[in-house]
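In: return a 3D structure for these sequence lines:
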Amino acid sequence: MAPPHPSWVLLSTLVDRLHALPRRNNNEPWPASQWAAIKCNATRASTANDERRAIVDAVTLLALIVEPPAVSALAICLRSEQYVFDAFTNQPVANVVAADDRIVVLDAKFRCRHSNDDPHRFLVYDAFDASLAMVPPVCEWVCTPILTADPLPVRRRDDAGGYALAIMARHHLHDPKARREFSLEVLCLWPPPPYSRMFQGSVSPWGFKQPLFPPEKPKNLWAHTAFTFQGRAYWADLGQGLLSCDSDDLLYGRHEVPFSFVPLPPECRVCQLCSNIDHKGSRAMTCCPATVHGGSDSIKLVCIGKGRGFEACDVCGEFESTLDMALASWALDIATGQWRRDDGGEDLRVASLWQMESFKTAGLPRVRPILPILIPQKDDGGDVLCFTLQAGDAGPVHLCRLNMRTKTLLPPHGLLDEWTPSLLGCDLFKHIEFATTPDNNEEEEMEVLAPKRRRRRRKRKRMKICP
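Out: Take a look at the predicted model:
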């Protein structure tokens, strides 16, 4: 039997290309540290376009799954020479833009070799039924994304399969009577759910609904991360708060979708001047079900910033040195909507991190921790915070893990190849099955696997017997 997959992995958002599918003997488990083809039972195109249907049929997704602190990855193989990637050979052909609730969304660029079609498209793999779908992006001349350009996969609450991709956007309209242009904030959805409307004068397969935002929602809001949790869809601004709506209202409710907004703790809010900064370099957010630690469902936030209470804005403030920085975590109780300190109110100062014997023994650089990723643990030993350390722009990137309860470093420490790592934590692979490939004794691997040709059977002519 194949070994069980890790419950949580660190997944690289960069998706490379493989020129040939890996092979193994049938009914044998995939060896560790080897690419494996992900099982796909069905494909789906957003339109009846034969070319797009042929493209998605030629795609094979592969995965390389390893235990943290090593980094797992995805890859794409096109099983036909008719289709090419619209990217340089030394660049990734796709990016992971979402991995949530057994769904992974890739932002890929490839097209037919002799076609002028837009190469930009989303690939959506659903582990619930092992299906792969290809969806074009929202037309730019119709809508402009406002919170984030990455779609959020939203699944049905009853867990019966089926999902929708959601993108918050601004719909551009023209009033012929007033002879003026105006815009409306809309929630773009694919496939269009009930009570959604189609964009007039557009062939886009996306529909839309009308979001009803609360008055306390900030005017300038960014979605640094987006996820679904306990029947709600969240767009989180790591400097201001969380904007959310009910998943059932989004998928099956009326045309108007009511939203709510929960601000961050006062110690974590940034000023308006820093609201347009990407805070993923110093902050992380994840959801923690009640079944993990007991108690109630919660959303956890980790900040790496100023110590001594985390003043109102720790982004634009001046630091005397990195020694003034600290790590702190909060938890949002879903039932009450209240934030509380998750670490007992004690900050872990960066200076204390540097003084750990395990830190010195590993020879880690004395620099500011960046790119935090919080991974919840099922046992009662405390959540694990992953972060990176890099001395200078050209120095090696060290991937470290910290137990948030005991405030101790966990061995071993990983070493990343990329000087600008782009990682996310997910539990997707524990739901994925892998496909079988032909035996190793068959034909040798080709540079690009060509589609199988079907043999034509000749019809036998029936002879007439004369009486």
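In: kindly export the host helix or strand of residue 339 (C-alpha atoms) in CSV.
Out: Per DSSP states H and E, residue 339 falls inside strand 338-341. The C-alpha coordinates for strand 338-341 follow below in CSV (Å, rounded to 0.1, in the frame of the first residue of the first chain):
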residue,chain,number,x,y,z
GLN,A,338,-14.2,38.5,19.4
TRP,A,339,-10.4,38.4,19.2
ARG,A,340,-8.2,37.1,22.0
ARG,A,341,-4.5,36.5,22.5
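In: that one: which residues count as buried?
Out: residue 339 (16 or more other Cβ atoms under 10 Å). For the C-beta atoms, the positions are set from N, CA and C on the backbone; glycine is no exception.
In: any idea of the mean pLDDT for it?
Out: Averaged over strand 338-341, pLDDT sits at 90.
In: quick check: what element follows it along the chain?
Out: strand 348-349.
In: helices or strands up against that following strand?
Out: strand 325-333 (3 or more Cβ pairs under 8 Å, 6 or more residues apart in numbering; DSSP states H and E).
In: give me the buried positions along the strand it packs on.
Out: 325-332.
In: my read: residue 131 touches residue 41, true?
Out: Yes. Between residue 131 and residue 41 a contact is recorded at 6.4 Å, counting by Cβ atoms under 8 Å.
In: who's more crowded, these two?
Out: Taking other Cβ atoms under 10 Å, residue 131 and residue 41 do not tie; residue 131 has more neighbours (15 against 10).
In: now do the contacts for the nearest residue to the more buried one once chain neighbours are set aside.
Out: Nearest residue to residue 131 in three dimensions, chain neighbours excluded: residue 42, at 4.5 Å (Cβ to Cβ, 6 or more residues apart in numbering). For residue 42, the contacting residues are 129-132, by Cβ atoms under 8 Å, 6 or more residues apart in numbering.
In: let me know the closest of those to residue 395.
Out: residue 132 (39.1 Å; Cβ to Cβ).
In: and the residue nearest the centre of the chain, bridged to which residues?
Out: Most central in the chain under Cα atoms, centre = their mean is residue 98, positioned 2.0 Å from the mean C-alpha point. Counting by DSSP bridges, residue 98 forms beta bridges with residue 105.
In: that one contacts residue 153, correct?
Out: Yes. If you go by Cβ under 8 Å, residue 98 and residue 153 touch, sitting 5.7 Å apart.
In: touching both of the two, which residues are there?
Out: Here residue 98 and residue 153 have residue 105 as joint contacts, going by Cβ under 8 Å, 6+ apart.
In: got the domain ranges for this protein?
Out: What the record gives for the chain is the domain set 1-136, 137-263, 279-424, from automatic domain parsing.
In: out of those domains, which comes closest to residue 434?
Out: domain 1-136 (4.6 Å).
In: average model confidence for that closest one?
Out: The average pLDDT for domain 1-136 rounds to 76.
In: just send the domains of the chain back as CSV, with distance to residue 430 too.
Out: Converted to CSV, the domains of the chain look like this (distance: least, Cβ to Cβ, whole Å):
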stretch, distance to residue 430
domain 1-136, 5
domain 137-263, 16
domain 279-424, 12
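In: that older thread, what about the residue nearest to the centre of the chain, distance to residue 405?
Out: Residue 98 is 29 Å from residue 405, where distance means Cβ to Cβ, to the nearest Å.
In: now do residue 9
Out: In this view, residue 9 and residue 405 are 21 Å apart by Cβ to Cβ.
In: would you mind telling me which of the two has the busier surroundings?
Out: Neighbour totals were compared for residue 9 and residue 405, and residue 9 leads with 26 against 15 (other Cβ under 10 Å).
In: ranges for the strands of the stretch 201-350 of the chain?
Out: Assigned by DSSP state E, counting those that start in this stretch, the stretch 201-350 of the chain shows strands spanning 207-212, 225-229, 232-237, 241-246, 256-263, 283-288, 298-306, 325-333, 338-341, 348-349.
In: may I see those arranged in JSON lines, with distance to residue 364 as well?
Out: As requested, the strands of the stretch 201-350 of the chain are exported to JSON lines (distance: least, Cβ to Cβ, whole Å):
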{"stretch": "strand 207-212", "distance to residue 364": "45"}
{"stretch": "strand 225-229", "distance to residue 364": "27"}
{"stretch": "strand 232-237", "distance to residue 364": "30"}
{"stretch": "strand 241-246", "distance to residue 364": "33"}
{"stretch": "strand 256-263", "distance to residue 364": "35"}
{"stretch": "strand 283-288", "distance to residue 364": "20"}
{"stretch": "strand 298-306", "distance to residue 364": "15"}
{"stretch": "strand 325-333", "distance to residue 364": "15"}
{"stretch": "strand 338-341", "distance to residue 364": "27"}
{"stretch": "strand 348-349", "distance to residue 364": "15"}
